[in-house]
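**Student:** no sequence on this one, just coordinates:
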């Protein structure tokens, strides 16, 4: 599936027989830890290829480069276009996620994001005043089902009348594909892939126990609010801590309700989901967030999801499916 386009800026470091790889893509720091089962040269080549997956997905699926394959399709979304294999698969996955969540996940929010001033990537926690107007009419997708069309034999796509953005699901897919590459190469019995708050792991941590994943404080505190123990699973968090800004002196964030075109998630600061697949975890963390504090528990239980959420009051809630992963939580 992946045709690697770039030689990313990669840093590799050996520590006590363990290889750490670092890069940056999708406005996120990327880190992979692995215990190699081959010689050092082989290991470093595979690690570099796994890290380059993120750069490749970023180049092809980003909305922040006007000439990316995604944006070339977005300029005229109501016509048929050829999509490179990675983009074709990402759009298919987005379509399946839209159906699976009954429209809660909807990538057609790009026009609304641009109207709210989110025109350039935001990777810091600073609260910026961006150009835009809160009073500007938003693009509501209520009652407008998304029915993209795909021609599998020729990789042609017809999106429909609205452009799309693939930021969150794109990162989840990059983690999935990087993990598949490591597994396919037989490179490591145990590894951890982390990308800007989302991660996937295989096997055990160095101490032989589960990988310990901290749930960050969405208020910006230095200590985690909980620690999860996971093996052979993915963890994804949707939060307003980083990608938020001011618009006409109003606080705004990037998690938009497709029905209104406005920021959603009333009463919530963050949502974390544990799942076997990183892209599915990413989709459900966002979909649950958009339900807001009143409805999130009902939906999470209906779907049988392992979910943890932090209300804007700082209070933590978890589903019964999440309880078995919690190693520690901060006192309430």
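**Tutor:** Received the coordinates, thanks. Since this is a predicted model, take the numbers as computed values, not measurements.

**Student:** quick one: the helices in the stretch 101-250 of the chain?
**Tutor:** 110-115, 167-184 (DSSP state H, counting those that start in this stretch).

**Student:** Please produce TSV containing those, extended by mean neighbour count and distance to residue 142.
**Tutor:** Every residue, glycine included, has its C-beta placed from N, CA and C. Shown next, in TSV, are the helices of the stretch 101-250 of the chain (neighbours: other Cβ atoms under 10 Å; distance: least, Cβ to Cβ, whole Å):
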stretch	mean neighbour count	distance to residue 142
helix 110-115	19	12
helix 167-184	22	21
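
**Student:** And the ones you listed: which comes nearest residue 304?
**Tutor:** helix 167-184 (19.1 Å; Cβ to Cβ).

**Student:** quick one: which of the helices of the stretch 101-250 of the chain is nearest residue 209?
**Tutor:** Taking those one by one with Cβ to Cβ, helix 167-184 is closest: 20.1 Å.

**Student:** Comparing the helices of the stretch 101-250 of the chain by mean pLDDT, which bottoms out?
**Tutor:** Ranked by mean pLDDT, those bottom out at helix 110-115, with a mean of 88.

**Student:** just to revisit the earlier point, could the helices of the stretch 101-250 of the chain go into TSV alongside distance to residue 332?
**Tutor:** Conversion of the helices of the stretch 101-250 of the chain to TSV gives the following (distance: least, Cβ to Cβ, whole Å):
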stretch	distance to residue 332
helix 110-115	35
helix 167-184	29
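
**Student:** Poorly predicted segments of the stretch 1-150 of the chain, please.
**Tutor:** 1-9, 37-38, 122-138 (pLDDT under 70).

**Student:** can you map out the strands along it?
**Tutor:** 11-15, 18-25, 28-36, 81-82, 128-129, 149-151 (DSSP state E, counting those that start in this stretch).

**Student:** will you turn the ones you listed into TSV that also has mean neighbour count and distance to residue 248?
**Tutor:** Converted to TSV, the strands of the stretch 1-150 of the chain look like this (neighbours: other Cβ under 10 Å; distance: least, Cβ to Cβ, whole Å):
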stretch	mean neighbour count	distance to residue 248
strand 11-15	11	41
strand 18-25	19	32
strand 28-36	20	28
strand 81-82	16	36
strand 128-129	12	9
strand 149-151	13	38
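
**Student:** Select, out of the ones you listed, the one closest to residue 220.
**Tutor:** When the strands of the stretch 1-150 of the chain are compared (using Cβ to Cβ), the closest one is strand 128-129, at 15.5 Å.

**Student:** From the geometric centre of this protein, which residue sits farthest away?
**Tutor:** residue 39 (32.4 Å; Cα atoms, centre = their mean).

**Student:** And it, how far from residue 45?
**Tutor:** 10 Å (Cβ to Cβ, to the nearest Å).

**Student:** likewise residue 169?
**Tutor:** 28 Å.

**Student:** Can you pull up the most central residue in this protein?
**Tutor:** Centre-most residue of the chain, counting by Cα atoms, centre = their mean: residue 168, 3.3 Å.

**Student:** Report the rounded mean pLDDT for the top helix by length along the chain.
**Tutor:** Ranked by residue count under DSSP state H, the longest helix found in the chain is helix 278-303. The average pLDDT for helix 278-303 rounds to 97.

**Student:** returning to that earlier point: with respect to residue 226, which of the strands of the stretch 1-150 of the chain lies nearest?
**Tutor:** That would be strand 28-36 among those, by Cβ to Cβ, at 20.5 Å.

**Student:** my guess is residue 167 contacts residue 26, does it?
**Tutor:** Yes - using Cβ atoms under 8 Å, residue 167 is in contact with residue 26, at 7.2 Å.

**Student:** what sits in contact with each of these two?
**Tutor:** residue 62 (Cβ atoms under 8 Å, 6 or more residues apart in numbering).

**Student:** now stretch 78-86, how far from the chain's geometric center?
**Tutor:** 22 Å (Cα atoms, centre = their mean, to the nearest Å).

**Student:** so how far is residue 36 from the residue nearest to residue 165 when sequence neighbours are not counted?
**Tutor:** Distances taken as Cβ to Cβ, 6 or more residues apart in numbering put residue 110 closest to residue 165, at 4.3 Å, once the chain neighbours are dropped. According to Cβ to Cβ, residue 110 and residue 36 sit 41 Å apart.

**Student:** Thanks a lot, see you next time.
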